Each structure stands twice: as C-alpha cells, then as structure tokens.
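[1] Just to be clear, the model below is a prediction. Sequence and coordinates:
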Amino acid sequence: MIQIPAEFFAQIQENGEEHYPEEGAGLLLGKVHGEIRIVEQVLPLENRFQPGARHNRYMIEPQDMLLAEEKADELGLEIIGVFHSHPDHPARPSEYDRQRALPWYSYIITKVTDRLAIESRSWRLTDERIFNEEQLQIK
C-alpha cells in the first residue's frame with residue numbers, strides 16, 4: 001500500500017493537468033514501513049523526453065535523479081516512487097513504462113483528459129517485470 005496526503009495527491013493531479021497534452025512527471029519522496037509506503041514530499045521534474053513525443057513518453061534524466069536523491073537525503077527521506085500522467089490514456093502502465101520501470105518503486109499514473117485529471121492508480125513492478133496494482137490511500 002502507498003499512502004499519500006491529499007495535498008500531495010492534488011499536486012500530482014495538477015501536474016498532469018498543467019502539462020497536458022504532454023506527460024508530466026516527478027518523484028515521490030517518503031519512507032517505507034514494512035509493506036506501507038508513506039509519501040512525505042512530491043518533487044515535480046521536467047519531462048526531458050524529446051519534444052514532439054512527450055504526449056506519450058516521459059524521461060527523468062540521471063542528473064535529476066541525483067539531485068532528487070540529495071534532496072531526499074537532506075529531508076531524511078528516500079525516493080520511493082515515480083508519478084507521471086497519461087494524456088488521454090488509461091491510468092495503467094504502458095509497455096514503454098514497463099520496459100523502463102524499476103522494481104521496488106511505486107508508480108502513480110494519472111489519466112488526464114481535456115486538462116482534467118480523471119483517475120490515479122498506483123503500480124509496483126515485480127522482479128519478473130510484471131506490474132501489479134497496489135492500493136493507493138489518500139489521507
């Protein structure tokens with residue numbers, strides 16, 4: 001399960017709406033307590049995929065990950081996942097997402113249609129490279 005405060009959940013949805021019709025993206029910072037992940041900060045990042053293909057792709061560059069890790073360390077947190085939006089596409093991982101995802105992270109995907117966040121769901125990738133939906137609890 002992943003728990004996220006309502007204010008951070010709203011930031012994720014707003015990020016998707018602001019970037020529509022392109023994918024918005026960022027990182028989830030927080031702590032892990034057994035099987036429960038608790039989001040304590042969201043960190044929106046620039047989608048660095050090539051212009052013209054950002055409507056169905058996002059990329060987080062290694063230097064952005066490094067800066068995010070440093071920020072997480074400063075806050076006593078860790079990177080526990082990634083969020084991104086799917087403009088006019090369901091809130092489930094695409095094959096592209098599966099190929100680039102890392103096991104252990106949570107992936108919150110938000111469907112955005114006509115600049116309106118419709119649905120958000122969270123997913124975890126197994127070592128066998130299969131996405132399983134995880135419970136998303138908004139607090």
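    Arrived safely.
[2] Let me see the backbone angles for the residue nearest the centre of the chain.
    Closest residue to the average C-alpha location of the chain: residue 83 at 1.0 Å, with C-alpha atoms, centre = their mean. Phi and psi for residue 83, reported as degrees, to the nearest 10, are phi -120, psi 150.
[3] Quick check, it in contact with residue 109.
    Yes. Between residue 83 and residue 109 a contact is recorded at 7.5 Å, counting by C-beta atoms under 8 Å. Just so you know, the C-beta spots here come from the backbone N, C-alpha and C atoms, and that holds for glycine as well.
[4] ok, which stretches of this protein are helices?
    For the chain, the helices defined by DSSP state H occupy 6-19, 62-75, 95-100.
[5] Contacts for the last one next, please.
    Spelled out, that is helix 95-100. Here helix 95-100 makes contact (C-beta atoms under 8 Å, 6 or more residues apart in numbering) with 56-57, 84, 107, 109, 125, 129, 131.
[6] ok, now stretch 10-18?
    With contact meaning C-beta under 8 Å, 6+ apart, stretch 10-18 is reached by 4, 23-26, 42, 44, 83-85, 87, 108, 110, 112, 115-117, 120.
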